[in-house]
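Novice: Kindly generate the corresponding structure for this input.
(chains A and B)
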There are 2 protein chains.
Amino acid sequence: MASAIALSWRGRGRTAPNPNVGCVIVRDGRVLSRGWTQPGGRPHAEAMALEGVEATGADVYVTLEPCAHESNRGPACSDLLVDARPARVIIAARDPDPRTNGKGIDRLRAGGMEVIEDMLAEDARRAMAGFFMRQQKGRPHVTLKLATSLDGQVALPDGSSQWITGPEARAHAHIERAMADMIVAGRRTVEADSPTLNVRIEGLGNRAPSRAVLTSDVSKFAQLRLQAETPAWRHLESPEAIANMEGVDHVLVEGGAGAAAAFIAAGLVDRLLLYRAPILIGTGLSALGDIGLARLEDAHDQWQLIETRMLGKDRLEVYERA
Amino acid sequence: MASAIALSWRGRGRTAPNPNVGCVIVRDGRVLSRGWTQPGGRPHAEAMALEGVEATGADVYVTLEPCAHESNRGPACSDLLVDARPARVIIAARDPDPRTNGKGIDRLRAGGMEVIEDMLAEDARRAMAGFFMRQQKGRPHVTLKLATSLDGQVALPDGSSQWITGPEARAHAHIERAMADMIVAGRRTVEADSPTLNVRIEGLGNRAPSRAVLTSDVSKFAQLRLQAETPAWRHLESPEAIANMEGVDHVLVEGGAGAAAAFIAAGLVDRLLLYRAPILIGTGLSALGDIGLARLEDAHDQWQLIETRMLGKDRLEVYERA
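Specialist: Modelled structure (predicted):
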């Protein structure tokens, strides 16, 4: 199942509104095939894994309950599995989509196979966080990236910020971009830095998340000089407006301090990527603007550390909402 | 030797100008006795460990080369060891004090025992950092403590900072106080918060590091209302003035942003204790004031991470000069 979850991450940022599922088929301890939801959302992971494989009697590991609803883009995965006749289907997480929720499992059991649920469910939901957030709260999953010195500064007083973190941390941040459906920056950051917000990793250059500028003022958006036109930059008038963007299940907010603070203040940050360089800056520009915090006690018990590791000389910390 | 080094930490902050040495005597795999430099600097660790013990043929682990110079406060430890006739003396680090440097080892070898050097030398020097700094650079070893949010803030805009970190981190910071000869705070911090800067840990209440206020203006120092008079607060007119303070080998700088920045700017911080709470503050007070950084590249390659661990919900990181 851990392998299937790793495969599911491959699709993250490219499958919305479909979930980025991963699937591994095993018989007698050997992997017969693997699949993951393809760009655009089809084929589904199970269809890819079953393609050209004789799976009778095998074990199928899949990160999300196979779908029970047919579409004009292909048959339901639970029907494909019933036809393939594996011995067991092992599922990480049940599908929250009401068209499937439980029905996929019912159909598999009716088809005569054993079904096991809830294997590494939390890890699977984390990998498909955007799909779950969209299903459960009607909005995308939002990651906020901050790259700071040890004392929490993101630039010198004159705005210079190249570079705080090293090449390993910056490469990691580009992989995070590749796994987003949309990247957001604030208007002042776009004005000052003219960022491209593209994916500069060899082999991932074909990933082109859409990009948006956060500004309440549409005329200011129209005046911006934006790098590269494909895909076109979008205008985001408020953090809440991400809920209305079609095909966007994973959002990455890249700064600056104003945009980051606006998303925090709106309660719309689900995951925090903190890249920290082992340097001190002193007087400079802080990572966050005003988040509307009135009392220190209100700041507590909001975040928990999920992962930490070194990236070259820098340290990555990943926090999620507690 | 690791046990001897752990013992040496017990004396840290209480033995200056003597080094805080640790000593363990072992025979046939059993510990015969232990010793560490006592408050005020005497007895030395070796004298304490040898007291009342028959050490003939034993192994003596000691974190610093035994002294070769006699004093009116007691005999030289190398002579005590020659009289005790252990089989081997294992030494972590050679004494940089020119009165002993190598002479203690010579005397032991002349006395017929085997001497092994350089066992866990780096860890031993770290435990006795103040003594080594005083011997080699003529000034104390300085630790800077910062307690911040994830975004590097130490208080809300109104100055409120109680509490950012939790009880475990605050207790750890009190243990750090107990291992300092002197604690320094800036004038504005003392004016605003009236800190006691004492050690509030059960069993360590008898530790009373001296305290100093950093301000270039002696008349402002005279006007301060200071908490508790024993021992008396000192006036520190500049970071560099720590070099002249007798009996001070380990300094802990506790803030605020101005004092911290002054020590950083002066190049006088050797060790950085970073307590970080999993909270976001946004607009607030930053941990450091102006450290005189002109170019981002000058900030790099100054610090390396030595240790990191959780303290309750908070995370401690310890950095040393690279």
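Novice: Show me which residues of the stretch 51-200 of chain A are close to chain B?
Specialist: The stretch 51-200 of chain A has residues A:146, A:148-153, A:156, A:160-164 near chain B, with proximity defined as C-beta under 8 Å from any C-beta of the partner chain. Backbone N, C-alpha and C define where each C-beta goes, glycine included.
Novice: where does stretch A:9-17 sit relative to the chain's centre, distance-wise?
Specialist: Between the centre of stretch A:9-17 and the centre of its host chain there is 8 Å, according to C-alpha atoms, centre = their mean, to the nearest Å.
Novice: now the residues of the stretch 51-200 of chain A next to chain B in a markdown table, with secondary structure and neighbour count?
Specialist: Formatted as a markdown table, those follow (DSSP: H, G, I helix; E, B strand; the rest coil; neighbours: other C-beta atoms under 10 Å in any protein chain shown):
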| residue | secondary structure | neighbour count |
| --- | --- | --- |
| A:Leu146 | strand | 24 |
| A:Thr148 | strand | 27 |
| A:Ser149 | coil | 27 |
| A:Leu150 | coil | 25 |
| A:Asp151 | coil | 29 |
| A:Gly152 | coil | 29 |
| A:Gln153 | strand | 27 |
| A:Leu156 | coil | 20 |
| A:Ser160 | coil | 14 |
| A:Ser161 | coil | 22 |
| A:Gln162 | coil | 9 |
| A:Trp163 | coil | 14 |
| A:Ile164 | coil | 25 |
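Novice: check contacts around A:Thr215.
Specialist: Contacts of A:Thr215 were listed using C-beta atoms under 8 Å, 6 or more residues apart in numbering or on different chains, and they are A:Gly186, A:Arg187, A:Phe221, A:His235, A:Leu236, A:Glu237.
Novice: and if you look at A:Val253?
Specialist: Under the criterion of C-beta under 8 Å, 6+ apart, the neighbours of A:Val253 are A:Val142, A:Thr143, A:Leu144, A:Lys145, A:Ile183, A:Val184, A:Ala185, A:Ala259, A:Ala260, A:Phe263, A:Val269.
Novice: Mind jotting down where the helices sit in chain A?
Specialist: Using DSSP state H, the helices of chain A run over A:2-11, A:45-50, A:77-84, A:103-110, A:121-127, A:129-137, A:167-178, A:187-193, A:218-223, A:257-265.
Novice: Quick check: which of the ones you listed has the most neighbours on average?
Specialist: helix A:45-50 (a mean of 25; mean count of other C-beta atoms under 10 Å in any protein chain shown).
Novice: which other helices and strands contact it?
Specialist: Counting by 3 or more C-beta pairs under 8 Å, 6 or more residues apart in numbering or on different chains; DSSP states H and E, the packing neighbours recorded for helix A:45-50 are helix A:2-11, strand A:22-27, strand A:30-36, strand A:59-64, helix A:77-84.
Novice: out of these, nearest to B:Gly255?
Specialist: With C-beta to C-beta as the criterion, B:Gly255 lies closest to helix A:2-11 of the helices and strands packed on helix A:45-50, at 42.1 Å.
Novice: counting contacts, what elements does the closest one pack onto?
Specialist: Based on contacts counted as 3+ C-beta pairs under 8 Å, 6+ apart, the elements that helix A:2-11 packs against are strand A:22-27, strand A:30-36, helix A:45-50, strand A:59-64, helix A:121-127.
Novice: Residues of the stretch 201-322 of chain A that sit close to chain B?
Specialist: Going by C-beta under 8 Å from any C-beta, the residues of the stretch 201-322 of chain A near chain B are A:261, A:264-265, A:272, A:274, A:277-284, A:286-293, A:295-296, A:299-300, A:302-305, A:308, A:315, A:317, A:319, A:322.
Novice: Buried members of those residues into ChimeraX, please.
Specialist: Buried residues among those (16 or more other C-beta atoms under 10 Å in any protein chain shown), as a ChimeraX selection:
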select /A:261,264,265,272,274,277,278,279,280,281,282,283,284,286,287,288,289,291,293,296,299,302,303,305,315,317,319
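Novice: before we move on, back to that, is it possible to export the helices and strands packed on helix A:45-50 to JSON lines including mean pLDDT and distance to B:Val253?
Specialist: As requested, the helices and strands packed on helix A:45-50 are arranged in JSON lines below (pLDDT from 0 to 100; distance: least, C-beta to C-beta, whole Å):
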{"stretch": "helix A:2-11", "mean pLDDT": "97", "distance to B:Val253": "44"}
{"stretch": "strand A:22-27", "mean pLDDT": "98", "distance to B:Val253": "51"}
{"stretch": "strand A:30-36", "mean pLDDT": "97", "distance to B:Val253": "52"}
{"stretch": "strand A:59-64", "mean pLDDT": "98", "distance to B:Val253": "50"}
{"stretch": "helix A:77-84", "mean pLDDT": "96", "distance to B:Val253": "62"}
